[in-house]
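K.L.:
model the structure of this input:
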Amino acid sequence: MMDTLARLEEDVRRDLARIAHPRQAWLTPRRAPDGSDTLDVLIVGAGQGGIAAAFGLKRERVDNVLVIDKAPEGREGPWRTYARMPTLRSPKDYTGPDLDIPSLTYEAWHTARYGAAHWAALDLIGREDWADYLDWVRAVTGTRVANGVELIGIAEAGALLRATVRQGGAERDLYARRIVLATGQESGGRWTLPPAVDALPTDLRAHTCEEIDFAALAGKTVLVLGAGASAFDNAATALEAGARVHLFTRRDAVQVIQPYRAITFRGFLRHLADLDDAWRWRIMRHVLSLREGFPQHTYDRCARHDSFTLHAGAPWLSVAAEGDGVVIETPRGRMRGDYVIAGTGIDMDFAARPELARFGHNIATWGDRYAPPPEEADPRLGRYPYLSGGFALEEKRPGETPWIRRIHLFAIASTMSFGPSGSSINAMTTAVPRLVAGVTEGLFREDVPAFYERLLAYDVPQAVVPEEDIVHHGGG
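P.N.:
I've put the predicted structure just below:
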C-alpha cells in the first residue's frame, strides 16, 4: 500500500507541476505593525473547506497562507468527533478537495490504498476513510496548519486585519491581508437547543454536536428530539450501545427526500449566486425549510433494533427534569426517559461567535437586504449573512466597518447566498474557485498602484541586438 500511495503522491506532484502556469510570484511581502511578517491569507478552520481553500489559493500563487484550527491534529471538523454515521451520505464519485485534479481525487487515493476491485465494490465512503483522505490531501498539497490555535477576535489594523488568537493559554496577534472563516456548522452562530431542553441539567441532555458517553446509556431510555440525519445517527449509536430509543418529530411524516440531490448540478452550484435575490431566496427557502433527508441505510440502522420507536406528529409540549430522569409531554401523552439528545440544528447569531462579536452588529443579513413576499417570509433565514460575490462580509451600515469586506465566510452560514458551498463536498469544485477568485481580486486591487509602478520600471530585455547591426537614418 505504501509503495502505491507513494507513487500516487509522485503523480500528484507531477500533475501540479504541469499545470502551474503562470509560476511567477505576484504578491509583495508586507510587514505588520509589530514588525512581524504579514500573512496574505489566514484561514480559520482546517477541515475540508479550509484545506481545499488553502490548496486553491496555492494554485493561484498565494503562498503566504496559514491555516489554524483550535482542535488537535486529526480532530478537525466533524469526522472523528461528532459525526456518528459509518459512511458519508454523498455518492462515492462526488469530487471535492481535489479541485478537479484526477490524481488527487478520493477515488485515486482509495484505489491506491485498497485496490481497484475494492473501489469497484464500494457502496459509500467510510467516514474514517474520508478523514484519512483529508489528512493525506493536507500533507500532499503542503498546506501549512497550526493546530491548537483558536481565533478569539478580529479587528482592523490599517490596511490589514489583526486576528487575536489563543494558544496554550496565551494570547497573541496575527496580521493578515485577508481572513477566510472556514468554520463549518457554527460559522455564523451557534448550535441551538429548545429553551426547556437547555434548562435541563447537563448530565441529562446533549446536543448531537457534543461528546456523548454512549456506553453509559446502555440499558437506559433515550429520548431523541428531531428526525434529521444526525438525529438518526445519534439514535443508532445509542441503540448500538444497548439503549432503548424513542425518536420524536413534530411533523406528521419523516423527511426522506434529500433536496440537495436535486440541486447538485453544475448550473446550480456555479450560478445560484448570479441570480437575483428573489430567486435565490425562493430556492434556498424551499431547500432549507426541509430537514436534510436521511438515506435508507440510516433508517435501517435504527429499525433493526426492537428497542427503537419512531414517533411522528409528536412535538414536545413540555420538558422537565424529574427525579434522576426527564419527563416530556406530547399531544399523545407523557413519557419518561433517562437522557435527551437534541438534533435541533444551528441558528445565526453573530454575537455568539467571538471572532464576529466585535462587529457582528454591522454584518448585513438577508433580512437587511431583501423583503420576501409574506408567504415566503422566514425570520430564521433572514438572519443568515448577505455575502458579496467572493463570500465576503458586507456592511449593514456602509462606512461604519468597511474593513469587514476583507473577511470571507466560507461555511454553512454562506448557504443562503451561495447554496451548498463552504461545508459541502458536492459543491467544492465550484465554490472554492469562486472563493479564491474573490480573495485574489481583492489582493490584486490593493496592489494595482504598486504593480503599475513596477510595470513602468520593467526593463528586462528578451533579446540583444548589437549596435553595429542597426542602420540609423538621420532625419531632415
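K.L.:
tell me, which strand in this structure spans the most residues?
P.N.:
If you go by DSSP state E, the chain has its longest strand at strand 170-181.
K.L.:
can you list the helices and strands that it packs against?
P.N.:
strand 39-44, strand 149-157, strand 160-167, strand 407-409, helix 428-457 (3 or more C-beta pairs under 8 Å, 6 or more residues apart in numbering; DSSP states H and E). Any C-beta I mention is one placed from the backbone N, CA and C, and that applies to glycine too.
K.L.:
mean confidence for the second one?
P.N.:
Read it as strand 149-157. The average pLDDT within strand 149-157 is 97.
K.L.:
so how far is that strand from its chain's centroid?
P.N.:
Remark: strand 149-157 is offset 19 Å from the chain centroid, using C-alpha atoms, centre = their mean, to the nearest Å.
K.L.:
can you check what angle separates it from strand 170-181?
P.N.:
80 degrees (axes from the mean of the first three to the mean of the last three C-alpha atoms, to 10 degrees).
K.L.:
now the angle from strand 149-157 to strand 160-167?
P.N.:
150 degrees.
K.L.:
picking that back up, distance to Glu210 and mean neighbour count added to the helices and strands packed on strand 170-181, as CSV?
P.N.:
Conversion of those to CSV gives the following (distance: least, C-beta to C-beta, whole Å; neighbours: other C-beta atoms under 10 Å):
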stretch, distance to Glu210, mean neighbour count
strand 39-44, 21, 25
strand 149-157, 18, 18
strand 160-167, 21, 19
strand 407-409, 24, 26
helix 428-457, 27, 16
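K.L.:
out of those, nearest to Ile470?
P.N.:
For the helices and strands packed on strand 170-181, the distance to Ile470 is smallest for helix 428-457, at 24.7 Å, taking C-beta to C-beta.
K.L.:
pLDDT on the closest one, on average?
P.N.:
96.
K.L.:
okay, and the beta partners of Pro385?
P.N.:
Thr365 (DSSP bridges).
K.L.:
so what's it up against?
P.N.:
Shown in contact with Pro385 (C-beta atoms under 8 Å, 6 or more residues apart in numbering): 188, 348, 350, 363-366, 393-394, 409, 413-414, 416-417.
K.L.:
of the residues you listed, closest to Ala450?
P.N.:
Leu393 (25.6 Å).
K.L.:
I figured the closest one hits Ile363, correct?
P.N.:
Yes: between Leu393 and Ile363 there is a contact under C-beta atoms under 8 Å: 5.5 Å.
K.L.:
and for His361, the neighbour number?
P.N.:
Neighbours of His361 under the rule other C-beta atoms under 10 Å: 13.
K.L.:
surely it forms part of a strand?
P.N.:
No: read with DSSP: H, G, I helix; E, B strand; the rest coil, His361 is helix and lies in no strand.
K.L.:
list the contacts for the residue most central in space within the chain?
P.N.:
In the chain, the centroid-proximal residue (C-alpha atoms, centre = their mean) is Ser423; its distance is 3.0 Å. By C-beta under 8 Å, 6+ apart, the contact set of Ser423 is 47-49, 184-185, 187, 411-412.
K.L.:
helices - which of these land there?
P.N.:
48-49 (DSSP state H).
K.L.:
who wins on neighbours among the contacts of Ser423?
P.N.:
Busiest of the contacts of Ser423 [other C-beta under 10 Å] is Gly49, holding 33 neighbours.
K.L.:
setting the sequence-adjacent residues aside, check what's closest to it.
P.N.:
Excluding the flanking residues, the one nearest Gly49 by C-beta to C-beta, 6 or more residues apart in numbering is Ala182, at 4.0 Å.
K.L.:
if I look at that neighbour, how far off is Gly360?
P.N.:
18 Å (C-beta to C-beta, to the nearest Å).
K.L.:
cool, Ala312 as well?
P.N.:
37 Å.
K.L.:
these two: which has the busier surroundings?
P.N.:
Between Ala312 and Gly360, counted using other C-beta under 10 Å, Gly360 has the larger neighbour count: 21 against 13.
K.L.:
residues in contact with the closest residue to the more buried one other than its chain neighbours?
P.N.:
Leaving aside its chain neighbours, Gly360 sits nearest to Phe350 (2.9 Å; criterion: C-beta to C-beta, 6+ apart). Residues near Phe350 by C-beta under 8 Å, 6+ apart: 188-189, 356-357, 360-361, 363, 385.
K.L.:
buried residues, the lowest-mean-pLDDT helix or strand in the chain. List them.
P.N.:
Every helix and strand of the chain was ranked by mean pLDDT, DSSP states H and E. The lowest is helix 259-262, at a mean of 85. By neighbour count with 16 or more other C-beta atoms under 10 Å, helix 259-262 contains the buried residues 259-260.
K.L.:
and the gap between Ala120 and Trp26?
P.N.:
44 Å.
K.L.:
show me which of these two is the more surrounded one.
P.N.:
Trp26 (13 against 8).
K.L.:
quick one: the strands in the stretch 101-250 of the chain, in order.
P.N.:
Secondary structure of the stretch 101-250 of the chain (DSSP state E, counting those that start in this stretch): strands at 145-147, 149-157, 160-167, 170-181, 189-191, 205-207, 221-225, 244-248.
K.L.:
can I get those strands in TSV with distance to Arg30?
P.N.:
TSV is the format used below for these (distance: least, C-beta to C-beta, whole Å):
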stretch	distance to Arg30
strand 145-147	20
strand 149-157	11
strand 160-167	7
strand 170-181	7
strand 189-191	33
strand 205-207	42
strand 221-225	50
strand 244-248	54
